[in-house]
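Asks: here are the coordinates; sequence isn't available:
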């Protein structure tokens, strides 16, 4: 009987590990700091990223990266669903294999829902207008997302104020 149980255990498939969120903090040779929290999709290929780049001014973005090109050029709609709920749909930028949004109000709404959810689903179309979707696990808490946002001066759940533009110099 014991031999049978050991044989059964050896032949049962091992459970696939649940993707986990990873924090990366890098500074490139030009001195630009990038900090990101990311997770690989349930498909093992897609990635969902919350990122802060600090150069001349800090920029927070949420990115959806696919192994196949999504198209490039014009902005197009991307829907994000949390726990199978209603979609939050925004125009995202499509530079190639990935897409991103950097609008502060959208970032605030999406990250606020992200940290309270268990799952995230991203839906869009590729360059040939075929549906593309990916599912992700949400982070298990808000600490990592707060850290990324904090580096760029954001507070989770608060839309940052629009920076005041310097006054134009008077003409002589």
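Replies: That came in fine, so what should we check first? Because the structure is a prediction, the values reported are computed rather than measured.

Asks: so where's the chain uncertain?
Replies: 1-19, 163-172 (pLDDT under 70).

Asks: Adjacent strands (with direction) for the helix or strand where residue 63 lies?
Replies: Assessed by DSSP states H and E, residue 63 sits inside strand 58-65. With DSSP bridges as the test, strand 58-65 is paired with strand 47-54 (antiparallel), strand 98-101 (antiparallel).

Asks: Dump these to CSV, plus distance to residue 91.
Replies: Bear in mind the C-beta positions are built from the backbone N, C-alpha and C, glycine included. Shown next, in CSV, are the strands paired with strand 58-65 (distance: least, C-beta to C-beta, whole Å):
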stretch, distance to residue 91
strand 47-54, 18
strand 98-101, 8
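
Asks: buried ones in the strand holding residue 63?
Replies: In terms of neighbour count (16 or more other C-beta atoms under 10 Å), strand 58-65 has its buried residues at 59-65.

Asks: okay, those residues in a markdown table with distance to residue 125 next?
Replies: Shown next, in a markdown table, are the buried residues of strand 58-65 (distance: C-beta to C-beta, whole Å):
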| residue | distance to residue 125 |
| --- | --- |
| 59 | 25 |
| 60 | 25 |
| 61 | 20 |
| 62 | 18 |
| 63 | 17 |
| 64 | 12 |
| 65 | 16 |
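
Asks: closest to residue 77 among the residues you listed?
Replies: The closest of these to residue 77 turns out to be residue 64 (C-beta to C-beta; 12.2 Å).

Asks: hang on, isn't residue 46 packed against residue 124?
Replies: No - between residue 46 and residue 124 there is no contact under C-beta atoms under 8 Å: 11.2 Å.

Asks: Now for those two: what residues contact both?
Replies: residue 64 (C-beta atoms under 8 Å, 6 or more residues apart in numbering).
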